[in-house]
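Participant: got a sequence here, can you model it:
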Amino acid sequence: MEAERTPVPTVTYRLAAFLHIIRSSVPILAAGLTRSAALELACLFYLGLPFDSVWITDNRKVLAVEGRDRNYHRTGNPIVAPLMQKTLHRGHSEILVCRADFACSRSKCSLGSAVASPLLLRGEVIGSLVLARSAEYAIEAKDVALADCLTDLICSRIELSDLRRLRSIANGAESALLQGQMQPHFLFNVLNSISAACVCDPMLAREMIGRLSSLLRAAPRTGTSLVPLDTELQLVKDYVSIESMRFPERISLYLDITTEALSAHVPLFLLQPLVENSIKYGLCNPTVSIEVRCTVQNSYLEIQVLDDGPGMAQSHILLIHQEQYYGMGLGLTCTRRRLRLLFGRQAFLQISPQNPGIAVSIRIPIVESARARTMMYANGKI
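Facilitator: Numbers count the residues shown, from 1 in each chain. Below you'll find the predicted structure:
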């Protein structure tokens, strides 16, 4: 059944339709020029433009047909019209002025004239756009200009999507590098604690080694970027239990986690370095108390890590916010940069001095999986 469309009575309507095409093409081409994307684009162009048929092809076959003769010219058919093949080979627009130019053997074919414009991506022809009318000799210079403009639009959207995917890959690689910087740092501190215990309490050291082995077995593989919050909290509890063996009755950990927050996904080793930072500098006092709060508000996961340690100088906090400080704030600086790489401007990390101690507040969008985050990148949402 042919799609219904509104007539195009005025220039104003045509401009509005064209602007709608520009806006709507972004999510359609998020994954490139796939068959499903071609079908959506053909329908979008047919409904908004004054043509009787719209075709989109790749280099060999028809990807999508919308409008008249859709039942005769099916998707998947090879490209037979010599002028359409010429468009693909030479990389410039061709006008099919009459029915003979279509080289169609079907007697019921009603296509009379068309313009075929190549899809040029980084200098290579990847397909074509064909705008057709039923009447012969009905293609004007403005139609050729429109077709060329639409193919430029399609290719620019594909290139934008490719750049977003590359940005996502690059950000993921940098995030993994930052994560890799923190994991050896974490292991070094734990092994240092075990080494100290070996001298004064070998039995305690043995128990700590057992806890560390359990922690490493439970930790996801390095390549995992997002894990359930519950998994990350278990890493935190295992780490605190190891440090509590070395410093008995000096470390207190309190968790205030809503049920809704537990199902959210967070970057691996998001909380552990923050808690480690609180323990490392909080133990200059006789005891240190750390509280982790996690809630969901307006589709965002909100996390707070609070301690009653000595706090941090305002100048150090400013440098961490600018991602320029790698002293006692290594974990905080890396965490802030990872969040920005993974979630863009939707992520938030703020350090606030308390009396006593500091509070680290984090806000990230609710993401159910790493695949969901990748799609957010592809669609330009982050």
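Participant: CA only for contacts and neighbour counts going forward, please
Facilitator: Fine.
Participant: contact partners for the closest residue to I366 other than its chain neighbours?
Facilitator: Of all residues not flanking I366 in the chain, Y300 sits nearest, at 5.1 Å (Cα to Cα, 6 or more residues apart in numbering). The neighbours of Y300, taking Cα atoms under 8 Å, 6 or more residues apart in numbering as the test, are 363-366.
Participant: which one of the residues you listed is nearest to H20?
Facilitator: Nearest to H20 out of the contacts of Y300 is P365 (Cα to Cα; 28.3 Å).
Participant: so the closest one bridges to which residues?
Facilitator: Bridge pairing for P365 (DSSP bridges) gives the partners Y300.
Participant: and it, how far from Y300?
Facilitator: Here P365 is placed at a distance of 4 Å from Y300 (Cα to Cα, to the nearest Å).
Participant: ditto for S161
Facilitator: 25 Å.
Participant: I'd like the contacts of Y300 laid out as CSV, including neighbour count, distance to R337 and pLDDT.
Facilitator: Shown next, in CSV, are the contacts of Y300 (neighbours: other Cα atoms under 10 Å; distance: Cα to Cα, whole Å; pLDDT from 0 to 100):
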residue, neighbour count, distance to R337, pLDDT
R363, 20, 13, 93
I364, 24, 13, 93
P365, 21, 16, 90
I366, 20, 18, 86
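Participant: which of these lies closest to E140?
Facilitator: The closest of the contacts of Y300, once distances to E140 are taken by Cα to Cα, is P365, at 49.6 Å.
Participant: tell me where this structure has strands.
Facilitator: 53-57, 62-67, 94-96, 113-121, 124-133, 226-228, 251-257, 265-267, 288-297, 300-307, 348-353, 358-365 (DSSP state E).
Participant: can you redo those strands as TSV with distance to A145?
Facilitator: Listed next are these as TSV, based on distance: least, Cα to Cα, whole Å:
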stretch	distance to A145
strand 53-57	16
strand 62-67	21
strand 94-96	12
strand 113-121	9
strand 124-133	11
strand 226-228	47
strand 251-257	59
strand 265-267	48
strand 288-297	49
strand 300-307	45
strand 348-353	46
strand 358-365	42
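Participant: nearest to S278, of those?
Facilitator: strand 300-307 (6.2 Å).
Participant: relative to strand 348-353, how tilted is the closest one?
Facilitator: Here strand 300-307 runs at 20 degrees with respect to strand 348-353, directions being taken by axes from the mean of the first three to the mean of the last three Cα atoms, to 10 degrees.
Participant: and strand 300-307 with strand 251-257, angle?
Facilitator: 160 degrees.
Participant: average pLDDT across strand 300-307?
Facilitator: Mean pLDDT, strand 300-307: 94.
Participant: ditto for stretch 47-67
Facilitator: 87.
Participant: in it, what counts as buried?
Facilitator: Neighbour counts over stretch 47-67 (16 or more other Cα atoms under 10 Å) mark 47-59, 61-67 as buried.
Participant: how far away is the residue nearest to D101 when sequence neighbours are not counted from A103?
Facilitator: The shortest distance from D101 to any non-neighbouring residue, by Cα to Cα, 6+ apart, is to A81 (6.5 Å). Distance of A81 to A103, computed by Cα to Cα: 5 Å.
Participant: helices along this structure, start to end?
Facilitator: For the chain, helices defined by DSSP state H occupy the ranges 11-28, 35-48, 82-90, 141-200, 202-218, 229-246, 259-262, 272-282, 314-321, 330-343, 370-378.
Participant: hey, which of these is tucked in deepest?
Facilitator: Ranked by mean neighbour count, the helices of the chain are led by helix 330-343 with a mean of 22 (mean count of other Cα atoms under 10 Å).
Participant: got the domain ranges for the chain?
Facilitator: Domains of the chain are assigned by automatic domain parsing as 11-139, 174-378.
Participant: dump these to TSV, plus distance to I154.
Facilitator: Shown next, in TSV, are the domains of the chain (distance: least, Cα to Cα, whole Å):
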stretch	distance to I154
domain 11-139	7
domain 174-378	15
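Participant: these: which one's closest to L153?
Facilitator: domain 11-139 (7.4 Å).
Participant: any idea how far the closest one is from the middle of the chain?
Facilitator: Offset of domain 11-139 from its chain centre (Cα atoms, centre = their mean, to the nearest Å): 30 Å.
Participant: run through the bridge partners of the residue nearest to E159 when sequence neighbours are not counted.
Facilitator: Leaving aside its chain neighbours, E159 sits nearest to L121 (7.4 Å; criterion: Cα to Cα, 6+ apart). Taking DSSP bridges as the rule, L121 bridges to E124.
Participant: for L121, what are its contacts?
Facilitator: 155-156, 159.
Participant: list the contacts for the closest residue to E302 other than its chain neighbours?
Facilitator: With Cα to Cα, 6+ apart as the criterion, E302 has its nearest non-adjacent residue at 4.5 Å, and that residue is R363. Contacts for R363 (Cα under 8 Å, 6+ apart) come out as 300-303, 346-349.
Participant: one more time with 10 Å
Facilitator: Residues near R363 by Cα atoms under 10 Å, 6 or more residues apart in numbering: 294-297, 300-304, 339, 346-350.
Participant: same question, A138
Facilitator: If you count contacts by Cα under 10 Å, 6+ apart, then A138 has 96-98, 112-115, 132 around it.
Participant: many thanks, I have nothing further to ask.
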